[in-house]
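Novice: Sequence below, structure please.
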Amino acid sequence: MVLNPVIPKLSSKLIVLASASPRRLEILRNAGLRFEVVPSWFKETLDKGLFKAPHEYAVETAKQKALEVARRMPFKHLKTPDIVIGADTIVTVDGTILEKPVDKRDAYRMLSSLSGKEHSVFTGVAIVICHEKENEEVDYQLIDFYEETKVKFADLSEDMLWEYINSGEPMDKAGGYGIQALGGMLVEYVHGDFFNVVGFPLNHFCKQLDLIYNHSTSSLDQQNASDCLSHNSTHTTSMHSLPQPNLTAQCSQSPDSSGLHNSSPSPRPNSLSTSQTHHIQQSSSCSPVRKVNKKGSQSEVGESSWRLLNSLSAHTSRESELQDETLPQLTNRGQMTDLGVTQHEPSEPKKEDLQQITELMDGFKASKALFTASKLCVFDLLQSRPGLDATQVAQEIKASLKGTECLLQACVSLGLLKSKERTCKKPVYENTDLATRFLVSGSPFALHGYIQHCNDIVWPLFSHLESAVREGTNQHEKAFGKKSKDIFQDTYYNSQEVKLRFMNAMHSIARVTGKAVASAFDLSSYKTACDLGGCTGAMAYEFTKAHPGLSVTVFDLPAVVEMSEHFQPLHTDNRVSFVAGDFFKDELPKADLYILARILHDWPDEKVHILLSKIADACTTGCAVLLAETMLDGQRPYSALQSLNMLAQTEGMERTEGQYADMLSKHGFWSMRVVHTMNFLDAFIAIKM
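Specialist: From the prediction side, this is the model:
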């Protein structure tokens, strides 16, 4: 509810959480915030000895996490976020900072040190606001704060300690316990924000957003704001300019000059006490504002006058005032009264808005043009014989001249073909680089098979999308005249021709996405993997290429395994093997790592839990599950449309990272990480505890 006044102003913004913590995901999603997850690559190696107080270490770590993601995204992800949120939670007892335990012995050391004592949980939070300028530079502004909660543990016996440690829960949690789960039984009392102990101080964060977007910018307002937030002396709020990219290296030399410690200004008349002042800091050793020019391969640092974040909220507030002034008012009978506001004719629509709407309306035409040209083998023909005119193409594909001319012109407009005018002769056509790379059937990254699947299966199903939305079920009966109890057995494998076409589709998409998924994580500690539903083995081969010490077993239905030899590479990798079976019914092959690439989205929750339960039973501590799916977080057009696609096609659905994290945690998988590959699929790994 605290976020309600701010949510409308955030709806159009790209908000990014620089953390894969399932607890933070759940807390923020339940608050109504919509965001993407881009885990930070910042290595948490700050020297704790440089910080005067534990909360300063947590705040600095949160800052570095958020700044790393904010700097990386314009280059690696090709998009600039509006807001990046970083957080770091630590537990302190007797002056010692406790983070996540590295093993069970470390967990025992931490928990025994907390037994019978009161300790503090600090979460540092950093909010980075990104301003993209007209010259493609990005200005960053940073707000950070922390929250402290006091927690008292009961006296813990040895048996209780080890029973809790052996549950696996402590291994990915600061201080070695999770208060929201089994660890709650160890706690006698909590003084402060409960969610802060879980991993994110939601109330303080919501108030910060409210200050940013709904309050004015005068110094008096800043003091009033700090008075609201700093209800005890452990809570401070700072506004920072952006430091240099190598802040850690620059500033770790001298604690006094680094800007890592909160420097309290001298008290002034009529000001709040130094422990409660809402103050502005600027490091003497670090450049105040960093500008990023996206045109260059390296980020550029330049001078600029640094603007307070409140200038943004002032602008936003003024916009709201202007909107309110021009709105007509309703009388108590609901009739509109004229406030003397001059009525204007509607302004002409912007060209770019019309273009966007037109592209959306015509999107299905572009898709069908691509499907038709691919099915008629236009791209294969022009790859083998470039420079044909429309008459020659029509003869080869056995189509009318008029229809062929229209199709070729459409493909030119879509950037799939290029035409060359010849003097007094008809234009001739050849493939563009895009078509050569992805649309010619013999290309290493050909999507020809997947395009045919879209044309023959997805297109008929999607034409019944209205029914799918109304009924909430797949549309196989309307599209193909029969129900499908088992989509794969009844639809995709019911004939040799259809089965081969479907396997071609899965093979082509796996070849395009496989490398990005296989290289998303360091898997050097795993020796054996099982690719469940691995189809032709295309994904498995990418995993063995990326990880020389890994062997992969592809486990799929007998009908698939018997056809897999048609898709094996010329130089077969003996580290990839095939085993026939049904992963819902049969025993799973033993492995250190289980790969599920585009599998879970095919099934409803109850079947997903059946499969995850089987995997959990086959796993020992330290084994992992790696998902390759289209995550719904951020509602990117591709992922959102893919969700509609699953509605029309299957029993399943696309899910958010938080939903996958929740499912996996129910089966004992923790220590979760997510990588957005910016390919069709995102990668998600979780470890069995």
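Novice: Outline the domain layout of the protein.
Specialist: For the chain, the domain assignment from the TED database gives the residue ranges 6-212, 361-443, 496-688.
Novice: Leu461 is nearest to which of the ones you listed?
Specialist: Across the domains of the chain, the minimum distance to Leu461, taken as Cβ to Cβ, is reached by domain 496-688, at 4.3 Å. (Glycine included, C-beta is placed from N, CA and C.)
Novice: and Ala591, what element?
Specialist: Counting by DSSP states H and E, Ala591 is held by no secondary-structure element, helix or strand.
Novice: how about it, what does it touch?
Specialist: Contact analysis of Ala591 by Cβ atoms under 8 Å, 6 or more residues apart in numbering lists Thr528, Ala529, Cys530, Thr553, Ala618, Cys623.
Novice: from the residues you listed, which would you call buried?
Specialist: Applying a neighbour-count criterion of 16 or more other Cβ atoms under 10 Å, the buried members of the contacts of Ala591 are Thr528, Ala529, Cys530, Thr553, Ala618, Cys623.
Novice: residues near Leu401, how many?
Specialist: One way to gauge burial is a neighbour count; for Leu401, by other Cβ atoms under 10 Å, it gives 12.
Novice: from the buried ones among the contacts of Ala591, which two are the most distant?
Specialist: Thr553 and Cys623 (14.1 Å).
Novice: Find the least confident helix or strand in this protein, judged by mean pLDDT.
Specialist: Evaluated with mean pLDDT, DSSP states H and E, the helix-and-strand set of the chain has its lowest mean pLDDT in strand 279-281, which scores a mean of 34.
Novice: So Met73 sits against Thr80, correct?
Specialist: Yes: in this structure Met73 lies within contact range of Thr80 using Cβ atoms under 8 Å: 6.4 Å.
Novice: Quick check on these two: which one has the bigger neighbour count.
Specialist: Each of Met73 and Thr80 had its neighbours counted (other Cβ under 10 Å), and the higher figure belongs to Met73 (23 against 17).
Novice: Skip the chain neighbours and tell me the closest residue to that one.
Specialist: Once its chain neighbours are removed from consideration, Met73 has its nearest residue in Pro81; the separation is 5.5 Å (Cβ to Cβ, 6 or more residues apart in numbering).
Novice: can you tell me how far that neighbour sits from Ser613?
Specialist: To Ser613, Pro81 is 37 Å away according to Cβ to Cβ, to the nearest Å.
Novice: Ok, Leu416 next?
Specialist: Going from Leu416 to Ser613 by Cβ to Cβ gives 46 Å.
Novice: These two: who's more crowded?
Specialist: Relative neighbour count places Leu416 above the other of Leu416 and Ser613, with 24 against 13, counting by other Cβ under 10 Å.
Novice: quick one: contacts for that one?
Specialist: Residues Leu370, Ala373, Phe379, Asn431, Thr432, Leu434, Ala435, Leu439 are the ones in contact with Leu416 under the rule Cβ under 8 Å, 6+ apart.
Novice: average pLDDT across stretch 361-378?
Specialist: Taken as a whole, stretch 361-378 carries a mean pLDDT of 93.
Novice: Let me see the confidence value for Val128.
Specialist: In this model, Val128 is scored at 93, pLDDT.
Novice: Repeat that for Ile179.
Specialist: At Ile179, the pLDDT recorded in the model is 85.
Novice: what residues are up against it?
Specialist: With Cβ under 8 Å, 6+ apart as the criterion, the residues that contact Ile179 are Val151, Val187, Val190, Phe194, Val197, Val198.
Novice: The fourth one reaches Thr149, doesn't it?
Specialist: Yes: A contact is recorded between Phe194 and Thr149 when judged using Cβ under 8 Å, the distance being 7.4 Å.
Novice: Which helix or strand contains Thr92?
Specialist: According to DSSP H and E, Thr92 maps onto strand 83-93.
Novice: quick check, distance from that strand to the centre of its chain.
Specialist: Strand 83-93 has its average C-alpha position 19 Å from the chain's average C-alpha position, going by Cα atoms, centre = their mean, to the nearest Å.
Novice: next structured bit after the helix ranked longest in the chain?
Specialist: As assigned by DSSP state H, the longest helix anywhere in the chain is helix 496-518. The element immediately downstream of helix 496-518 (helix or strand, assigned by DSSP H and E) is strand 528-532.
Novice: for that next one, packing partners?
Specialist: When contacts are defined as 3 or more Cβ pairs under 8 Å, 6 or more residues apart in numbering; DSSP states H and E, strand 528-532 sits against helix 538-546, strand 551-556, strand 593-597.
Novice: so where is the stretch 301-450 of the chain shaky, pLDDT-wise?
Specialist: Low-confidence regions of the stretch 301-450 of the chain, defined by pLDDT under 70, span residues 301-346, 422-424.
Novice: So which residues of it form helices?
Specialist: Per DSSP state H, counting those that start in this stretch, the stretch 301-450 of the chain has helices spanning 310-326, 351-361, 363-375, 378-384, 390-397, 401-413, 433-438, 448-453. These are given in chain order.
Novice: Please apply the same query to the stretch 51-200 of the chain.
Specialist: Counting by DSSP H, counting those that start in this stretch, the stretch 51-200 of the chain has these helices, from start to end: 54-72, 104-114, 158-166, 194-198.
Novice: Okay, angle between the longest one and strand 83-93 too, please.
Specialist: With axes from the mean of the first three to the mean of the last three Cα atoms, to 10 degrees as the basis, helix 54-72 and strand 83-93 are set at 150 degrees to each other.
Novice: what helices or strands is helix 54-72 leaning on?
Specialist: Judged by 3+ Cβ pairs under 8 Å, 6+ apart, the packing partners of helix 54-72 are strand 83-93, strand 118-132, strand 137-153, helix 247-251.
Novice: Just send the helices and strands packed on strand 528-532 back as a markdown table, with distance to Met563 and mean pLDDT too.
Specialist: Formatted as a markdown table, the helices and strands packed on strand 528-532 follow (distance: least, Cβ to Cβ, whole Å; pLDDT from 0 to 100):
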| stretch | distance to Met563 | mean pLDDT |
| --- | --- | --- |
| helix 538-546 | 13 | 93 |
| strand 551-556 | 10 | 96 |
| strand 593-597 | 18 | 96 |
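Novice: Pick the most buried one from the ones you listed.
Specialist: strand 593-597 (a mean of 26; mean count of other Cβ atoms under 10 Å).
Novice: buried residues in whichever helix or strand comes after it?
Specialist: On the C-terminal side of strand 593-597, the nearest following helix or strand under DSSP H and E is helix 605-618. Neighbour counts over helix 605-618 (16+ other Cβ under 10 Å) mark Val608, Leu611, Leu612, Lys614, Ile615, Ala616, Ala618 as buried.
Novice: which one of those residues is nearest Leu588?
Specialist: Ala618 (4.8 Å).
Novice: Identify the spatial nearest neighbour of the closest one, chain neighbours not counted.
Specialist: Beyond its immediate neighbours in the sequence, the residue positioned closest to Ala618 (Cβ to Cβ, 6+ apart) is Leu588, lying 4.8 Å away.
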